[in-house]
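Asker: Model the structure of this input:
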Amino acid sequence: MKIFHSVASTLVGLGLLMLSQTAAAWPSSVVGTWNVRANQSLGTMNITSQSSGAGPCQQILGTILGFPLQGFYCPATGRIQFLRKNALNDTFQVYSANLTSTGATNFMGGSFSSYDAALGEYSFFGSK
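Answerer: From the prediction side, this is the model:
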């Protein structure tokens, strides 16, 4: 029985070690042009700037589907959230997503809430 516990402990330890070594590292920057799908709308999101503050999250600015966006990205967790604004600078959509990476391609997936004529929550996906 003692041998079984020792072998089981070793296997669990190896499994945890392998998980920690294969954990994804999120990109340090999300600046650039992303191909996005927001519900049924296809287009681009261009993140033009990302601050370099000392905190866990950094401010981002840019455009999505032709409208201004402002929000934050947290490089340590891969979490991104931003507001889509109209020409009067009023927020009409709120986006929340998580990033992942497969080699050279970065992906984000989540949802957005709409507060204009199309009230509701919709899917959101992007790749760069």
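
Asker: switch to C-alpha atoms for all contacts and neighbour counts from now on
Answerer: Noted.

Asker: Partner strands of the longest strand seen in the chain and their direction?
Answerer: The strand that spans the most residues within the chain, counting by DSSP state E, is strand 91-102. Partners of strand 91-102 in the sheet, by DSSP bridges, are strand 79-85 (antiparallel), strand 105-114 (antiparallel).

Asker: Let's have those in a markdown table, adding mean neighbour count, distance to residue 92 and mean pLDDT.
Answerer: Below are these laid out as a markdown table (neighbours: other Cα atoms under 10 Å; distance: least, Cα to Cα, whole Å; pLDDT from 0 to 100):
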| stretch | mean neighbour count | distance to residue 92 | mean pLDDT |
| --- | --- | --- | --- |
| strand 79-85 | 21 | 6 | 97 |
| strand 105-114 | 17 | 6 | 96 |
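
Asker: Would you mind putting these into JSON lines with distance to residue 36 alongside?
Answerer: Formatted as JSON lines, the strands paired with strand 91-102 follow (distance: least, Cα to Cα, whole Å):
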{"stretch": "strand 79-85", "distance to residue 36": "14"}
{"stretch": "strand 105-114", "distance to residue 36": "9"}
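
Asker: Nearest approach to residue 37 belongs to which of these?
Answerer: Counting by Cα to Cα, residue 37 lies closest to strand 105-114 out of those; the figure is 9.6 Å.
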